[in-house]
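Q: pasting the sequence and the predicted coordinates here, then a few questions.
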Amino acid sequence: MISDLLADLVFTSWHILRSVAPWLIVSFIAAGLLRQFLDPAKFQRALGNRGLAAILKATLSGMLLPICSCGVIPLGLGMYYTGAYLGPTLAFMVATPIINPAAVLLSYGLLGPQIATIYLITGFLVPVAIGLTANALAGKELHAPGMDVQIEPTAMEGTEQVSIGTRLFIGLKWGSLDLGTMVSKYIVFGVILAGILIVGVPQHLIQGYLGHSGMISIFGIALLGAVIYVCAVGHIPLVAALVATGASPGIAITFLMTGAATNLPELISIYKMIGKRAVLIYSGLVVSSSLVVGWFTNLLLLPDFVPFYNLEKGQEAIGLANRLIVSIPEPVQILCSVFILLLFLRAYKPQMTTLWKRAVA
């Protein structure tokens, strides 16, 4: 019995890691290249302030990237440690997994125009609201340590001529090794905790929650979505099927918002690498706003809501969305997962070395 549970836990955690690892690697590389090739002074002027324009830029750019809530962690943290304020950083990290072109197409094709339009509008407004709140309440976490002074072009490092190849190498090294080690240290723990939750909470209980329209069910599914790993694109067909069999439209939106925008690996990484206040603002506002949106959706659409079901349009939407979804071969997923595990071991190498020396002493 215990061995079966452990086997399920290992299999589930490995499955989660495989699904997110390629996007983590892509984000590590992108964060390293952005840090090396973007002008720090211009980047800080664009996103290192409390202005609404900075939050709008971060939100809109996030909405165009087809990256999940785990894959967005390195990019968001890279932005923060390159000079972005907490508001634009969190707005980007919320907008990216909730809204992307494939999710929008699938929502309109499978959930119908009513739910999809509410989902699209809130997918833009909620990140903006979280960004504004984060800038107002961030305190000492408003910016990364050492970013309290505006970077001047004359103070930039590396005024001497550096070849593109050298900058490329430095950027890739920082992104894949330095940032990758810091993030993987918490990602792997988060993936294991997510696996424990999935193994410990049977799927029929989740579907039972989704089948009720009361506020208690919305609250429960908001908390559940906040801690388990949910890919918006991958779960829209499931949510559409549940809505077609009786789940309320509000519950569907609440589950998609909290599930896509939050998960344990992401929350642990924000807590460890930015701070307690940032993770409270992030998780608290995502969950509370999803509750409000879910309740408002039920108030607006019920009791006359008719589930959208159009097989022809649904197939068309799936076909269009599939063209926007990058299918990653299994061997690549495995290689990326092994690399993440090696980074995890690298992060704990000093502690493991100490334990080994004590054991053999």
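A: All right, it came through fine.
Q: after the worst-scoring helix or strand of the chain on mean pLDDT, next one along is what?
A: Using mean pLDDT, DSSP states H and E, helix 311-324 stands out as the lowest-scoring helix or strand of the chain, at a mean of 58. Stepping forward along the backbone from helix 311-324, the first helix or strand reached (DSSP states H and E) is helix 330-347.
Q: then the host helix or strand of F43 to PDB, C-alphas only?
A: F43 belongs to helix 40-47 when elements are defined using DSSP H and E. The C-alpha coordinates for helix 40-47 follow below in PDB (Å, rounded to 0.1, in the frame of the first residue of the first chain):
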ATOM      1  CA  PRO A  40      19.900  48.000 -17.800                       C
ATOM      2  CA  ALA A  41      19.200  51.800 -17.700                       C
ATOM      3  CA  LYS A  42      16.400  51.600 -20.300                       C
ATOM      4  CA  PHE A  43      14.900  48.400 -18.700                       C
ATOM      5  CA  GLN A  44      14.900  50.100 -15.300                       C
ATOM      6  CA  ARG A  45      13.300  53.200 -16.700                       C
ATOM      7  CA  ALA A  46      10.600  51.100 -18.400                       C
ATOM      8  CA  LEU A  47       9.700  48.800 -15.600                       C
END
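Q: adjust the sequence numbering to begin at 46 for everything that follows.
A: Renumbered: residue one is now 46, and that last one reads helix 85-92.
Q: and that helix, what's its mean pLDDT?
A: Per-residue pLDDT over helix 85-92 has a mean of 74.
Q: what helices or strands is it leaning on?
A: Under the contact criterion of 3 or more CB pairs under 8 Å, 6 or more residues apart in numbering; DSSP states H and E, helix 85-92 touches helix 97-108, helix 117-127. The C-beta positions use only the backbone N, C-alpha and C, and glycine is treated the same way.
Q: any weak-confidence spans in the stretch 46-195 of the chain?
A: Scanning the stretch 46-195 of the chain for pLDDT under 70 picks out 85, 111, 113-114, 192-195.
Q: again, only using 90
A: Low-confidence segments of the stretch 46-195 of the chain, defined by pLDDT under 90: 46-96, 102-103, 105-129, 138-161, 163-165, 168, 183-195.
Q: show me the helices in it, by range?
A: Taking DSSP state H, counting those that start in this stretch as the criterion, the stretch 46-195 of the chain carries its helices at 47-82, 85-92, 97-108, 117-127, 131-143, 146-151, 158-182.
Q: and if you look at the stretch 196-345 of the chain?
A: 209-218, 225-245, 248-255, 260-272, 277-289, 294-306, 309-318, 321-346.
Q: quick revisit: can you pull the buried residues of the helix holding F88?
A: Across helix 85-92, burial judged by 16 or more other CB atoms under 10 Å covers 85-86, 88-89, 91-92.
Q: what do you get for stretch 317-335?
A: Taking 16+ other CB under 10 Å as the basis for neighbour counts, the residues of stretch 317-335 that come out buried are 318-320, 322-324, 326-328, 330-332, 334-335.
Q: how about stretch 150-167?
A: Under the neighbour-count criterion of 16+ other CB under 10 Å, stretch 150-167 has 150-157, 160-161, 163-165, 167 buried.
Q: spatially nearest residue to A136 (excluding sequence neighbours)?
A: Spatially, and ignoring its direct neighbours in sequence, A136 is nearest to G176 (3.3 Å; CB to CB, 6 or more residues apart in numbering).
Q: so that neighbour touches I100, yeah?
A: Yes: counting by CB atoms under 8 Å, G176 touches I100, with 3.7 Å between them.
Q: P348: neighbour count?
A: Applying other CB atoms under 10 Å, we find 7 residues neighbouring P348.
Q: if I look at the nearest residue to R322 once chain neighbours are set aside, how far off is M318?
A: Using CB to CB, 6+ apart and skipping residues adjacent in sequence, the residue nearest R322 is E186, 5.1 Å away. Distance of E186 to M318, given as CB to CB, to the nearest Å: 11 Å.
Q: equivalent analysis for I47, please.
A: Taken as CB to CB, the spacing of I47 relative to M318 amounts to 34 Å.
Q: do G216 as well
A: Looking at G216 against M318, where the rule is CB to CB, the gap reads 19 Å.
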